[in-house]
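In: A predicted structure for the sequence below; I have some questions about it.
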Amino acid sequence: MSASEQAPPAEAALPFFVYGTLRSGGRNHAVHLAGRCAGILPAVLDGAALHDGPGYPYAVPDPTPGRRIVGELVIVRPGAYAGVLADLDRLEDCRADGTGLYLRRRMAVRTAAGERREAWVYLAGPAAAARLRARPALIASGDWTDR
């Protein structure tokens with residue numbers, strides 16, 4: 001993973017697309033995002049599948065027509081951005097060398113209003129993705145709250 005994929009310049013801080021325990025009301029939202037958000041919008045990540053993990057979900061790119069993940073676009077307050085980025089990377093075990101539990105990628109998501117926005121998305125890392133390819137745990141609705 002290149003440095004440009006890992007962290008945006010401060011002036012180009014991206015929102016985060018969250019789809020599991022970081023969503024509003026989720027246990028990790030309360031710990032890592034509460035009070036640090038400038039806005040939260042319903043959003044969808046097209047072209048990806050949601051898989052059940054041990055207490056949390058994984059997003060995996062999936063070109064199957066109609067595959068999507070339901071979540072939220074979290075816009076972080078500018079003064080809190082660096083801390084949130086570091087906290088979420090640590091929570092998701094996102095490593096600069098790409099070997100962590102999750103990888104952070106810049107991807108396009110769609111808001112409920114139909115607006116296309118670039119956001120950071122945490123995808124299953126290499127080991128988790130390989131395991132899910134071998135033994136899928138698909139959440140067919142694409143919505144962690146509907147599992």
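Out: Sure thing, it's come through.

In: which helices and strands does the strand or helix carrying I75 pack with?
Out: Assigning secondary structure by DSSP states H and E places I75 in strand 68-76. Secondary structure elements in contact with strand 68-76, counted by 3 or more C-beta pairs under 8 Å, 6 or more residues apart in numbering; DSSP states H and E, are strand 16-18, strand 37-46, strand 48-52, strand 102-111. Backbone N, C-alpha and C define where each C-beta goes, glycine included.

In: Quick one: closest of the ones you listed to E92.
Out: Taking C-beta to C-beta as the criterion, strand 102-111 is the member of the helices and strands packed on strand 68-76 that comes nearest to E92, at 3.9 Å.

In: follow-up on the earlier one: next structured bit after the strand holding I75?
Out: Remark: after strand 68-76, the chain's next helix or strand is helix 81-91, criterion DSSP H and E.

In: For that next one, list every residue counted as buried.
Out: Across helix 81-91, burial judged by 16 or more other C-beta atoms under 10 Å covers 81, 84-85, 87-89, 91.

In: The residues you listed: which two are farthest apart?
Out: Checking those against each other with C-beta to C-beta, the farthest-apart pair comes out as Y81 and L91, at 15.4 Å.
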